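Trainee: Model the following, please.
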Amino acid sequence: MTKTLRKAVLPVAGLGTRFLPATKATAKEMLPVVDKPLIQYAVEEARAAGIEQFCLVTGRGKTGIVEHFDVAFELEATLRERNKLRELAMLHESASEPGSIITVRQQVPLGLGHAIWCARAFVGDDPFAILLPDDLVLSETPCLKQLADVYAKTGGNVVAVTEVPREQTNRYGILEVGEDDGRLVEVRGLVEKPDPAVAPSNLSIIGRYVLVAEVMTHLARMERGAGNEVQLTDAMAKLIGRTPFHGLRYEGRRFDCGDKVGFLEAQIAFALKRPDLGPAVRRFLRDYTDEAVAAGA
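Mentor: As a prediction, the model looks like this:
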């Protein structure tokens, strides 16, 4: 019987050096897309997939992430006094249930696999989701909900996948593909950041996973892979043939918010979807487009 998916791990220990100086004193996961931080998008996506318990794998200087999901008594009191009920309701939406979020510390940056291993006590013997907040997906059905629905049918492991240009395979975890119905792919192998000349496909994993707890056994060996880091991809590869393993071509558009251009594009895409902002954003985009055309760009 397939266990119900109720847990999620969110690795948030990175330094965010690509966004310095903005991230000198602020966690990169707290950078807002429109008016909501990246970490909140990830948590809300997980909740929409039925996740009830969260483990944030943090590093030094990341206390603001935890505080974001806490109750801000003084702020709420001030909002009530000023009758700012809409803003108060927005705060309540971001608050978490008591005891639903825990944190563990990744003391040394040894890679994504090591960060996930730090959450082993939280995971126990249960299946769990992983969400990388840098990957933001705009979709009708939340991306993790799409994976959770597949997991409920297939069990085992499910990862979100998308096609990338072959010359970029050395940036991602790449699938060796078995049966493929155009949406759901049988995973026969995984390779972390292969050279384009030897990559088994151009189908790449993005930052959404549903995994069985057995992956922790392989991570515990602390085997170094690409970049001399403990790679999650390498540990997942050892699950193939032991439990079902599928890749899902998810519906939606992914934005790499760990990249400045991707982050700026996400701002525009998410603002355009907002009824309160979309019309104004379209107007100023037309102005900038007209300026670019006039300048011969």
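Trainee: Tell me where the model's unsure across the stretch 101-250 of the chain.
Mentor: Across the stretch 101-250 of the chain, nothing is flagged by pLDDT under 70.
Trainee: which one is S139 nearest to, not counting chain neighbours?
Mentor: Closest residue to S139 apart from its sequence neighbours, by C-beta to C-beta, 6 or more residues apart in numbering: G252 at 2.6 Å. Yep, even glycine has a C-beta here, placed from its N, CA and C like the rest.
Trainee: Is H218 in contact with L232, as I believe?
Mentor: No: checked against C-beta atoms under 8 Å, the pair H218 and L232 is beyond contact range at 9.6 Å.
Trainee: And the helices in the protein?
Mentor: Taking DSSP state H, the helices of the chain run over residues 38-48, 63-68, 73-81, 85-94, 112-117, 120-123, 143-154, 215-219, 232-237, 260-272, 278-294.
Trainee: quick one: which of those is nearest P11?
Mentor: The closest of those to P11 is helix 112-117. By C-beta to C-beta, the value is 4.1 Å.
Trainee: Which one, of the helices of the chain, ends up nearest to G14?
Mentor: Nearest to G14, of all these, is helix 112-117, at 8.8 Å by C-beta to C-beta.
Trainee: Centre of the chain to that closest one, how far?
Mentor: Its chain's C-alpha centre and that of helix 112-117 lie 14 Å apart, by C-alpha atoms, centre = their mean, to the nearest Å.
Trainee: Which elements pack onto it?
Mentor: Applying 3 or more C-beta pairs under 8 Å, 6 or more residues apart in numbering; DSSP states H and E, one finds that helix 112-117 makes contact with strand 7-11, helix 215-219, helix 232-237.
Trainee: who does the last one touch, helix- and strand-wise?
Mentor: Same thing as helix 232-237. Other elements packing on helix 232-237 under the criterion 3+ C-beta pairs under 8 Å, 6+ apart are helix 112-117, strand 173-180, strand 184-192, strand 203-211, helix 215-219.
Trainee: Would you tell me which one of those is buried the most?
Mentor: Comparing the helices and strands packed on helix 232-237 by mean neighbour count (mean count of other C-beta atoms under 10 Å), helix 112-117 ranks first with a mean of 25.
Trainee: if we can go back for a sec, need the helices and strands packed on helix 232-237 in a markdown table with distance to I65, can you?
Mentor: Shown next, in a markdown table, are the helices and strands packed on helix 232-237 (distance: least, C-beta to C-beta, whole Å):
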| stretch | distance to I65 |
| --- | --- |
| helix 112-117 | 14 |
| strand 173-180 | 25 |
| strand 184-192 | 27 |
| strand 203-211 | 16 |
| helix 215-219 | 23 |
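Trainee: In a markdown table: the helices of the chain, plus distance to R166.
Mentor: Output for those, formatted as a markdown table (distance: least, C-beta to C-beta, whole Å):
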| stretch | distance to R166 |
| --- | --- |
| helix 38-48 | 29 |
| helix 63-68 | 36 |
| helix 73-81 | 50 |
| helix 85-94 | 40 |
| helix 112-117 | 23 |
| helix 120-123 | 34 |
| helix 143-154 | 24 |
| helix 215-219 | 28 |
| helix 232-237 | 18 |
| helix 260-272 | 20 |
| helix 278-294 | 31 |
